[in-house]
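K.L.:
this one's sequence-less:
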């Protein structure tokens, strides 16, 4: 099976995820996040911001492949297929890995919930963009 990657859709998804994160951890939940992490300085280094954008691009690229394979093999498609794919990828990889990290680092459950809600929303938005982009 040949996979065609729509790099414009991948880039749009990555930028959307980046801005969702900025709003989520900045405007909406910055005080909660700082309390849960114990971090008092919300000014990220420019290199961190670049690396977050790059990682968002990688995630969007992998999501694009997952949606394409899901459409072909699971006979899913459109927004519902994108959302289903995002949910199962989040559940199988993000939620489980971050749970292990949470358990061993003994961070508050509220931080796990806050972070995982962000990832589920972000991955869902990216998957919707990728699944409906022509």
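P.N.:
Right, received. Where do you want to start? Fair warning: this is a prediction, and the values are worked out from it, not measured in the lab. Numbering: from 1, shown residues only.
K.L.:
so where's the chain uncertain?
P.N.:
Where the chain drops to pLDDT under 70, the residues are 1-3, 68-76.
K.L.:
Could you pull out the strands in it for me?
P.N.:
Assigned by DSSP state E, the chain shows no strands.
K.L.:
for it, which helix is longest?
P.N.:
Longest helix in the chain by number of residues (criterion: DSSP state H): helix 46-74.
K.L.:
which secondary structure elements does that one contact?
P.N.:
In terms of contacts (3 or more C-beta pairs under 8 Å, 6 or more residues apart in numbering; DSSP states H and E), helix 46-74 is packed against helix 7-22, helix 78-89, helix 109-132. C-beta: built from backbone N, CA, C; applies to glycine.
K.L.:
and of the ones you listed, who's closest to residue 60?
P.N.:
Of all the helices and strands packed on helix 46-74, it is helix 7-22 that lies closest to residue 60, at 3.8 Å by C-beta to C-beta.
K.L.:
That closest one to helix 46-74, inter-axis angle?
P.N.:
Here helix 7-22 points in a direction 120 degrees away from that of helix 46-74 (axes from the mean of the first three to the mean of the last three C-alpha atoms, to 10 degrees).
K.L.:
Going by neighbour count, which residues of helix 7-22 are buried?
P.N.:
Neighbour-count burial for helix 7-22 flags 9, 10, 12, 13, 14, 15, 16, 17, 18, 20, 21 (criterion: 16 or more other C-beta atoms under 10 Å).
K.L.:
and if you look at stretch 102-122?
P.N.:
Neighbour-count burial for stretch 102-122 [16+ other C-beta under 10 Å]: 102, 107, 111, 112, 114, 115, 116, 118, 119, 120, 121, 122.
K.L.:
Other residues contacting it?
P.N.:
Stretch 102-122 is contacted by residues 16-17, 20-21, 24-25, 29, 32-33, 36-37, 86-87, 90, 94-95, 98-99, 101 when judged by C-beta atoms under 8 Å, 6 or more residues apart in numbering.
K.L.:
mind running it again at 7 Å?
P.N.:
With C-beta atoms under 7 Å, 6 or more residues apart in numbering as the test, stretch 102-122 has contacts from 17, 20-21, 24, 29, 32-33, 36-37, 90, 94-95, 98-99.
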